[in-house]
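Q: return a 3D structure for these sequence lines:
(2 chains)
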2 protein chains.
Amino acid sequence: MARYSPSIQNLIAQLSNLPGIGGKSAQRIAFHILAMDDQTAGDLTDSIATARRNTKRCSCCQNFTDSDPCPVCSDPMRDRTTVLVVETPRDVSTFERMHEYSGLYHVLHGVFDPMKSKSIQDTTISQLLRRLSEHSEITEVIIATNQNAEGNATALYLARILAPSGINVTRLASGLPMGSDIEFADDLTLASALKGRVQL
Amino acid sequence: MARYSPSIQNLIAQLSNLPGIGGKSAQRIAFHILAMDDQTAGDLTDSIATARRNTKRCSCCQNFTDSDPCPVCSDPMRDRTTVLVVETPRDVSTFERMHEYSGLYHVLHGVFDPMKSKSIQDTTISQLLRRLSEHSEITEVIIATNQNAEGNATALYLARILAPSGINVTRLASGLPMGSDIEFADDLTLASALKGRVQL
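A: Down below sits the predicted model:
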């Protein structure tokens, strides 16, 4: 990359480390930041510092929150018998956007990945187990990890260690997306849809 | 968008204001920032502050630089008779990457855009005119504004006001990109390539 001054190069490098930001985007954002007025730039850096300072993990569901317990865990209208287990805080917002789920959540903050030597300790599975033992009203754990090797490994691990507890452990259905054409489905999805076929 | 705490919502909003960052990317980056260790997050905010503090405009070419004059303007090996006029600092790096141009630059930091009421005063055209009057060794101004309405308007304006000075004003050729198929060329590009056809 051509002659940028050291501090601009450093800014571009820092921005390139963010997820989904490639070299070209990082350059574009860097020059946008340099051209900002002081107020706007201050708001940006303050928002980072403030969010990091104010945000903690909910002691119950481990989601990021300003207040502990988080708004979902402290909402008396939620169904406290069901816990939906997701990988990331963003997954919680995806389910909340759907307005079809009224139970509680548990955020793993990671998945079990033997290939990347990510172990159970890198997730909040131990907090989930403690939570389940302390809250006997929980009767179902819905596992909503992603449909890939790590998500599957984590789901199977959870199902196995929760089996003795008698809690009903379920997983999101996998199959053809709504509105999709069979012609364009990949083999794995099609095989999974066939295997999981349901009675009409 | 679903239940995020106020400081996370603010961080997402700030990130969404950056160019090329949509709502989903902003969420992804925000949670990445929240999950960073303190050192990494500090490096990110420091790089923004440092780049903004250290970076000024080169008094000669108006490009962003840590040192004034910038490395290009102070390089004794550059051809000082030619000035290539670009819209943004990123365009300078694009030309430098090519290693085919050894003259100097002038960064407009904008274009003349009557539709958005962006006037000549929003660019560094006045600095360019002063520079040309002070440096009589400059014999050619190559205009490399983008090939769109604003870029064209700015190029024509510059050509008109520089005409009395006797400086040779040129513009980058427009036409078919190298390696492109005529079949897939858009009408404007094809018309421009036809109009600008060259003798073989």
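Q: now do the helices in chain A.
A: Under the criterion DSSP state H, chain A carries helices at the ranges A:6-16, A:23-35, A:38-54, A:89-98, A:125-134, A:149-162, A:187-195.
Q: dump these to JSON lines, plus mean pLDDT.
A: Converted to JSON lines, the helices of chain A look like this (pLDDT from 0 to 100):
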{"stretch": "helix A:6-16", "mean pLDDT": "93"}
{"stretch": "helix A:23-35", "mean pLDDT": "93"}
{"stretch": "helix A:38-54", "mean pLDDT": "94"}
{"stretch": "helix A:89-98", "mean pLDDT": "87"}
{"stretch": "helix A:125-134", "mean pLDDT": "94"}
{"stretch": "helix A:149-162", "mean pLDDT": "89"}
{"stretch": "helix A:187-195", "mean pLDDT": "80"}
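Q: where's A:Val85 relative to chain B, distance?
A: A:Val85 sits 17 Å away from chain B when distances are taken as C-beta to the nearest C-beta, to the nearest Å. C-beta coordinates here come from the backbone N, C-alpha and C atoms, glycine included.
Q: actually, A:Arg57.
A: 10 Å.
Q: for that residue, which non-adjacent residue is spatially closest?
A: Among residues not flanking A:Arg57 along the chain, A:Phe64 sits closest, at 6.4 Å (C-beta to C-beta, 6 or more residues apart in numbering or on different chains).
Q: that neighbour contacts B:Ser7, doesn't it?
A: No - look at A:Phe64 against B:Ser7 with C-beta atoms under 8 Å: they stay out of range, at 9.5 Å.
Q: let me see the contact set for the residue nearest to A:Arg57.
A: With contacts defined as C-beta atoms under 8 Å, 6 or more residues apart in numbering or on different chains, A:Phe64 is in contact with A:55-58, A:89, A:107, B:5, B:8, B:31, B:34.
Q: ok, back up a step: would you reformat the helices of chain A as JSON lines and include distance to chain B and mean neighbour count?
A: Shown next, in JSON lines, are the helices of chain A (distance: least, C-beta to the nearest C-beta, whole Å; neighbours: other C-beta atoms under 10 Å in any protein chain shown):
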{"stretch": "helix A:6-16", "distance to chain B": "4", "mean neighbour count": "20"}
{"stretch": "helix A:23-35", "distance to chain B": "5", "mean neighbour count": "19"}
{"stretch": "helix A:38-54", "distance to chain B": "4", "mean neighbour count": "16"}
{"stretch": "helix A:89-98", "distance to chain B": "3", "mean neighbour count": "17"}
{"stretch": "helix A:125-134", "distance to chain B": "16", "mean neighbour count": "15"}
{"stretch": "helix A:149-162", "distance to chain B": "17", "mean neighbour count": "17"}
{"stretch": "helix A:187-195", "distance to chain B": "22", "mean neighbour count": "13"}
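Q: quick one, which of those helices gets closest to B:Leu156.
A: B:Leu156 lies closest to helix A:23-35 among these, at 25.1 Å (C-beta to C-beta).
Q: packing partners for that closest one?
A: Contact here means 3 or more C-beta pairs under 8 Å, 6 or more residues apart in numbering or on different chains; DSSP states H and E; on that basis helix A:23-35 packs against helix A:6-16, helix B:38-54, helix B:89-98.
Q: what's the closest of those to B:Ser25?
A: Nearest of the helices and strands packed on helix A:23-35 to B:Ser25, taken as C-beta to C-beta: helix A:6-16 at 12.2 Å.
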